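Student: I would like to see how this sequence folds:
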Amino acid sequence: MTKIEVPSKLIANHDEIGEGEEGGPTWIAGLPALAARYLDAWDLRPDGSSMHGYVSLVLPVVRADGTPAALKLQPVNDENATEAMGLKTWDGDGIVRLLREDPSTGTLLLERLDGGRSLADVPDDTKALTILTELLARLVEHQAPPGMRRLADIAGDMLAEIPAAVAKLEKDGDRTWLTTMGAVVAELADEPGDRLLHWDLHFENVLAAGREPWLAIDPKPLAGDPGFDLWPALDNRWDDLVATGDVHRAVRKRFDLMVDRLALDPRRAAGWTYGRLLQNALWDIQDGETELDEDQLAIGEALRPRL
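Tutor: Numbering: from 1, shown residues only. All right, here's what the predicted structure looks like:
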């Protein structure tokens, strides 16, 4: 049996999570046996150093026919429950291709990409964003399949949480911001869209590949409006925005490029981006924060002229 070494950082992440649907120490303890199980069952041979996300382990492998692939092991949770469904629908169109899956454990066998080179490594911010946006345009061309989780439900849940969340904030300005974001989302909630969204398409989730120069990875798919998919690329590589000396202008430049290339209505796109800011704020408040994140508020302020 091949011995699988679990990276110390991944162990630490799961210790921090604690026991729950995101994984935890028990899941980590069983990870070597889980990996060995699929290496054997799917006739895979380890082929290089492992990689990991916050909760998942990715093992470079070679299939029986000599094809390179990647074995992704992850605890099943709300975020990744639709990953395989989305990858099947996209079928490699702008994104890593799914080769095999086991829904019972969330284990995926994926096309091998270059895990050491992402769009975060492309020095030209505008070039990197253009590549990302062109991939996103291909992804949202696909209609979400039946059974996919829906932005309509997510929006409804967020709006229901606002009154309790507002009461937990210490600053009047933050309470006003949360209420404003909720009002913007409420105006759009009746038209949530039906496109297949990635939900987490930032620069580090686009890797160099062989089949195409660049492909997206690690989706958290849902059905909704493409405007809900812009925020990760507005927030990522934040230091590049700060370095311009005018964060608001730099955020709008990214936003306008994406809206133009995706042929979106700027007002709706800005509104659904407020939806992402609202979602992030609610998550922070659930985690015990009593003030809103300044960088997130900067994005909101930057997009006010687009509403």
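Student: could you check how far the residue lying closest to residue 156 once chain neighbours are set aside is from residue 227?
Tutor: Spatial nearest neighbour of residue 156, chain neighbours left out: residue 189 (6.7 Å); criterion: Cβ to Cβ, 6 or more residues apart in numbering. Where C-beta positions appear, they are placed from N, C-alpha and C, glycine not excepted. Distance of residue 189 to residue 227, given as Cβ to Cβ, to the nearest Å: 13 Å.
Student: which one's more surrounded, these two?
Tutor: Legend: neighbour count by other Cβ atoms under 10 Å for residue 189 and residue 227, higher for residue 227 (29 against 18).
Student: I'd like to know how far the more buried one sits from residue 48.
Tutor: Residue 227 is 38 Å from residue 48, by Cβ to Cβ.
Student: how about residue 245?
Tutor: From residue 245 to residue 48 the distance is 42 Å (Cβ to Cβ).
Student: for the two, indicate the residue with more neighbours.
Tutor: The neighbour count for residue 245 versus residue 48, taken as other Cβ under 10 Å, is higher for residue 48 (13 against 8).
Student: tell me how many other residues crowd residue 236.
Tutor: Residue 236, neighbours per other Cβ under 10 Å, totals 20.
Student: show me which residues of stretch 22-37 are buried.
Tutor: Using 16 or more other Cβ atoms under 10 Å as the test for burial, stretch 22-37 gives 22-24, 27-28, 31-32, 34-35, 37.
Student: any idea which of those is closest to residue 128?
Tutor: residue 22 (29.3 Å; Cβ to Cβ).
Student: hmm, who's touching stretch 295-307?
Tutor: Under the contact criterion Cβ atoms under 8 Å, 6 or more residues apart in numbering, stretch 295-307 has outside partners 177, 181, 184, 231, 234-235, 238, 247-249, 251-252, 255, 266-267, 269-271, 273-274, 277, 280-281.
Student: please read the previous query as pertaining to stretch 170-189.
Tutor: Contacts for stretch 170-189 (Cβ under 8 Å, 6+ apart): 152, 155-156, 158-159, 162, 165-166, 169, 225, 268, 271-272, 274-275, 277-278, 281, 290-292, 297, 300, 307.
Student: can we see that at 6 Å?
Tutor: Residues outside stretch 170-189 that contact it (Cβ atoms under 6 Å, 6 or more residues apart in numbering) are 155, 159, 162, 166, 169, 271, 274-275, 277-278, 281, 290-292.
Student: strands of the stretch 1-150 of the chain, start to end?
Tutor: 45-46, 51-52, 57-62, 68-73, 98-102, 107-111, 114-118 (DSSP state E, counting those that start in this stretch).
Student: which non-adjacent residue is nearest residue 10?
Tutor: Residue 10 sits nearest to residue 52 (Cβ to Cβ, 6+ apart), 4.5 Å away.
Student: coming back round to it: from the contacts of stretch 170-189, which single one is nearest residue 67?
Tutor: residue 275 (40.0 Å).
Student: what sits against the closest one?
Tutor: Contacts of residue 275 by Cβ under 6 Å, 6+ apart are 185, 228.
Student: give me the element it is part of.
Tutor: helix 266-286 (DSSP states H and E).
Student: quick one: that helix to chain centroid distance?
Tutor: Counting by Cα atoms, centre = their mean, to the nearest Å, helix 266-286 is centred 14 Å from the centre of its parent chain.
Student: can I get the host helix or strand of residue 183 as CSV, trimmed to CA atoms?
Tutor: Element membership of residue 183, judged by DSSP H and E, is helix 172-188. C-alpha atoms of helix 172-188 as CSV (Å, rounded to 0.1, in the frame of the first residue of the first chain):
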residue,chain,number,x,y,z
ASP,A,172,-24.0,53.0,12.5
GLY,A,173,-22.1,53.3,9.2
ASP,A,174,-21.8,49.5,9.0
ARG,A,175,-25.4,49.0,9.8
THR,A,176,-26.3,51.4,7.0
TRP,A,177,-24.1,49.6,4.6
LEU,A,178,-25.6,46.1,5.4
THR,A,179,-29.1,47.5,5.0
THR,A,180,-28.1,49.2,1.7
MET,A,181,-26.6,46.0,0.3
GLY,A,182,-29.8,44.1,1.3
ALA,A,183,-32.0,46.7,-0.5
VAL,A,184,-30.0,46.3,-3.7
VAL,A,185,-30.2,42.5,-3.6
ALA,A,186,-34.0,42.7,-2.9
GLU,A,187,-34.5,44.6,-6.1
LEU,A,188,-32.8,41.8,-8.1
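Student: need the residue closest to the centroid of the protein.
Tutor: Centroid-nearest residue in the chain, with Cα atoms, centre = their mean: residue 200, separated by 1.9 Å.
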